[in-house]
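[1] Sequence first, then the predicted structure:
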Amino acid sequence: MPRPATRADLLAAIDTEFARLMSEVERVPPDDRLRPGACDHWSVKDLLFHLDAWHEMVLGWEAAGSRGEKPEIPAPGYTWAQIPALNDEIHRRGKDCPWDEVAARLRGSAARVRALAEAHADADLFTKQRYPWTGTTSLGAYLVSCTSSHYAWASRLIRRFAKAPA
């Protein structure tokens, strides 16, 4: 699927890739969803917590930007060069969250990110520098990265994990 460049394409990609992700999750037996190995030492649950955390970050960036603030992107105390450390911190935060909570949080944050995309016109989503807080990129680019592209990445990992012997 080509990288979305319109709202319609973004919404379709979000819907398609999220459905694919949830289908891949369903293929993993419930007991195996907590087993490390889906992505290095991360479990399927850890991957879903990671996706939820990135949803919450992009929602926070947009909310701060809408208030005229400059959000700390990607997260307070982190630069883009420190993404591995940020992802490790996200993993630590999610370690003790129960499966049902993680799954519910992901569904909720995914719906809110989709609604954010749906609420913006094409130009507002995909015009670079449309909003001061997005820097040299666009809101749509952030949304693609935190939704459809991220879901496709996680789906591939989960599919491979489901095929591997325990």
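    Structure received.
[2] in the chain, which helix has the most residues?
    helix 44-66 (DSSP state H).
[3] How far does that helix sit from its chain's centre?
    Chain-centre distance of helix 44-66: 6 Å, with CA atoms, centre = their mean, to the nearest Å.
[4] same thing with stretch 87-101?
    Distance, centroid of stretch 87-101 to centroid of chain: 14 Å (CA atoms, centre = their mean).
[5] ok, now stretch 29-38?
    On CA atoms, centre = their mean, the centre of stretch 29-38 falls 20 Å from the chain's centre.
[6] Can you pull out the residues in contact with it?
    Stretch 29-38 is contacted from outside by 25, 42-47, 99, 157-158, 161-162, 164, 166, using CB atoms under 8 Å, 6 or more residues apart in numbering. Where C-beta positions appear, they are placed from N, C-alpha and C, glycine not excepted.
[7] helices and strands around the longest helix of the chain, which ones?
    Secondary-structure packing of helix 44-66 (3 or more CB pairs under 8 Å, 6 or more residues apart in numbering; DSSP states H and E): helix 7-27, helix 83-94, helix 99-118, helix 139-146, helix 148-163.
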